[in-house]
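Student: please find the sequence and the predicted model below.
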Amino acid sequence: SQQGEEDPQALSIQEGENATMNCSYKTSINNLQWYRQNSGRGLVHLILIRSNEREKHSGRLRVTLDTSKKSSSLLITASRAADTASYFCATDAMDTGRRALTFGSGTRLQVQP
Amino acid sequence: EPEVTQTPSHQVTQMGQEVILRCVPISNHLYFYWYRQILGQKVEFLVSFYNNEISEKSEIFDDQFSVERPDGSNFTLKIRSTKLEDSAMYFCAIIPPAASTDTQYFGPGTRLTVL
């Protein structure tokens, strides 16, 4: 698999339920970021978690990072129809010092009202 | 969140033509990036630009591509001779000055259609 792969590829839930999306990566990283993209639109930054952090919260978002497993998860609690979008994780590689982001394929979240 | 605008929002061009995509950050940023997203595919890194020069580029960023900051504010991506496979969304991203993190903020994108 490639750097920054999310699963599931698609997720459909009812409004009010929690949505969990996972991301795996291969290289050592400085940071991992999660972005949201509505269909055909730009990327909206949601949250950044540093490699020395294990968990971070922002509103209804909770992100975890396990550097030993090279994985991260994004939890959206009490989902709303407006949360319907694609969600991407993006990493920057530590070994090269690059800040360029490598994106995963994304999870398409559908929240049914 | 820093404001980044891109023009045009949609560009249609004939194969072989040159296109220039523009990114207009509102504040005085130092780090700029171009990414592209072919329909239905991943967002891919093209090039990063720091202190008025290219700091890194991907394999995609071949001789057909160039970037510059012609007037100290706009940041442009030029594709010299477009190919059908250049059809994609092109996103500019910035890291704000004096940022405490490496958060990259993206513009709304330019949809390039090559016919």
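Tutor: Cool, the structure landed.
Student: rest of the way, CA atoms for contacts and neighbours
Tutor: Noted.
Student: show me what contacts residue A:67?
Tutor: Applying CA atoms under 8 Å, 6 or more residues apart in numbering or on different chains, one finds that residue A:67 lies in contact with A:28, A:51.
Student: angles on the backbone of whichever residue of chain A sits closest to chain B, please.
Tutor: Chain A approaches chain B most closely through residue A:42 (4.2 Å), counting by CA to the nearest CA. For residue A:42, the backbone dihedrals are phi -80, psi 180 (criterion: degrees, to the nearest 10).
Student: what's the closest non-adjacent residue to it?
Tutor: Residue nearest to residue A:42 in three dimensions, not counting chain neighbours: residue B:108, with 4.2 Å by CA to CA, 6 or more residues apart in numbering or on different chains.
Student: where in the chain is pLDDT low?
Tutor: Went with chain A since none was named. Applying pLDDT under 70 to chain A flags residues A:1-4, A:94-98.
Student: can you look at chain B instead?
Tutor: Where chain B drops into low confidence, which here means pLDDT under 70, it does so at B:26-27, B:98-100.
Student: can you pull up the most central residue in chain B?
Tutor: Using CA atoms, centre = their mean, the residue of chain B that lies closest to the mean C-alpha position is residue B:34, 3.3 Å off.
Student: quick check: the residue of chain B nearest chain A.
Tutor: Per CA to the nearest CA, residue B:108 is where chain B lies closest to chain A, at 4.2 Å.
Student: pretty sure residue B:19 contacts residue B:80?
Tutor: Yes - when contacts are counted by CA atoms under 8 Å, residue B:19 is listed as touching residue B:80 (6.7 Å).
Student: more neighbours, the two?
Tutor: With other CA atoms under 10 Å in any protein chain shown as the criterion, residue B:19 and residue B:80 differ in neighbour count, and residue B:19 comes out ahead with 19 against 15.
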